[in-house]
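[1] Dropping the sequence and predicted coords here.
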Amino acid sequence: MGTVEDRLAVRELIEAYNDAVMRFDAEAWIANWNEDATWRLPGLGELTGREAILAAWQAAMSEFEFVGFFASAGPLSIDTDTGAGRWFQQEFLHYRDGRRRDITGRYEDLYVKENGAWQFARRDYEILTAREWQA
């Protein structure tokens with residue numbers, strides 16, 4: 001299961017990620033990713049490397065005036081320098097054009113510890129439910 005310190009550090013990784021999303025802070029957001037990470041998203045497929053991941057995130061975030069982004073923990077398994085976890089995500093998206101979308105999704109994650117810091121090695125995202133309407 002991993003040490004308490006490592007499990008806490010991975011939870012703080014998730015918190016830093018979500019905080020950066022809600023603040024639209026690209027620099028803080030991409031700092032959570034390993035250089036060779038992979039991000040798989042519905043509609044975008046699989047993106048590899050920080051540069052590609054950041055470009056896709058910035059393009060997506062440009063559509064929103066507000067994002068609420070909240071994680072609930074699933075199982076978390078940590079080994080010495082690697083780990084895996086599942087997170088259920090609640091998203092409240094307010095588009096610039098007035099549309100609203102609420103999503104419940106699931107991340108399946110792989111983590112890597114480099115230079116004492118945990119980062120995402122891989123995030124696979126699946127939308128479980130979504131509701132969209134015009135405000």
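    Thanks, I have it. What you see is a predicted model, and the numbers here were worked out from it, not measured in a lab.

[2] Which residue ranges of this structure form strands?
    33-41, 45-48, 64-78, 82-95, 99-114, 117-134 (DSSP state E).

[3] could those go into TSV alongside mean pLDDT and distance to Trp57?
    Bear in mind the C-beta positions are built from the backbone N, C-alpha and C, glycine included. Converted to TSV, the strands of the chain look like this (pLDDT from 0 to 100; distance: least, Cβ to Cβ, whole Å):
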stretch	mean pLDDT	distance to Trp57
strand 33-41	97	8
strand 45-48	97	9
strand 64-78	96	11
strand 82-95	98	13
strand 99-114	98	14
strand 117-134	97	11
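
[4] Phi first, then psi, for Gly116.
    Gly116 has phi and psi values of phi 80, psi 0 when expressed as degrees, to the nearest 10.

[5] Roughly how far does the closest residue in space to Asn32 that isn't next to it in sequence sit from Arg23?
    Counting by Cβ to Cβ, 6 or more residues apart in numbering, Tyr17 is the residue found nearest to Asn32 once chain neighbours are left out, at 4.8 Å. Taking Cβ to Cβ, to the nearest Å as the measure, Tyr17 falls 11 Å from Arg23.
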